[in-house]
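Q: Sequence first, then the predicted structure, then my questions.
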Amino acid sequence: AGNSKSSKSTAVPPGPPVYLDLVYIPNHSNRKNVDVEFFKTVRSSYYVVSGNDSAAEEPSRAVLDSLLEGKAQWDSNMQVTLIPTHDSEVMREWYQDTHEKQQDLNIMVLASSSTVVMQDESFPACKIEL
């Protein structure tokens, strides 16, 4: 009875912030692995949001909302760019629903129509200059 575990665990333990240039949001932006603590602690100029599986809730609306909540607690208003790897309904709805808050928090969602063709394959791409 004395060995109970909390039902909620965080992927990133609370601690001082870590500043990075580019971060890939883990596990296809699934909410099981990324929460507000992640964005409060892992601060980046660019976040790559992967996931194109609505059945698995990837990317998760909760993760995108956690970015807003976590960024609101930063002590600076540095520019953050969100780079989705797929055009998903979740991303489009979140973008439209939270656009004003994104602007207030200095968050830009990168929409790219660029395509790279290599060896008979084509895929979306964007250029990031750090």
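A: Received, thanks. Here the structure is a predicted model, which means the values were calculated and not measured.

Q: per-residue pLDDT, the closest residue to Ala72 other than its chain neighbours?
A: The shortest distance from Ala72 to any non-neighbouring residue, by Cβ to Cβ, 6 or more residues apart in numbering, is to Leu105 (6.1 Å). No exception for glycine: its C-beta is placed from N, CA and C like everyone else's. Listed pLDDT for Leu105 reads 97.

Q: Isn't Leu105 up against Ser76?
A: No: the pair Leu105 / Ser76 is not scored as a contact, 11.0 Å apart, by Cβ atoms under 8 Å.

Q: of these two, who's got more company?
A: Neighbours per residue (other Cβ atoms under 10 Å) separate Leu105 from Ser76, with Leu105 holding more: 19 against 9.

Q: how close does that one sit to Val63?
A: 15 Å (Cβ to Cβ, to the nearest Å).

Q: and what of Val117?
A: 31 Å.

Q: Same question for Lys71.
A: 13 Å.

Q: if you count what's nearby, which of the two comes out ahead?
A: Remark: of Lys71 and Val63, Val63 carries more neighbours, 29 against 22, as counted by other Cβ under 10 Å.

Q: Can you tell me the element the more buried one falls in?
A: Remark: Val63 resides in helix 61-71, with elements defined by DSSP states H and E.
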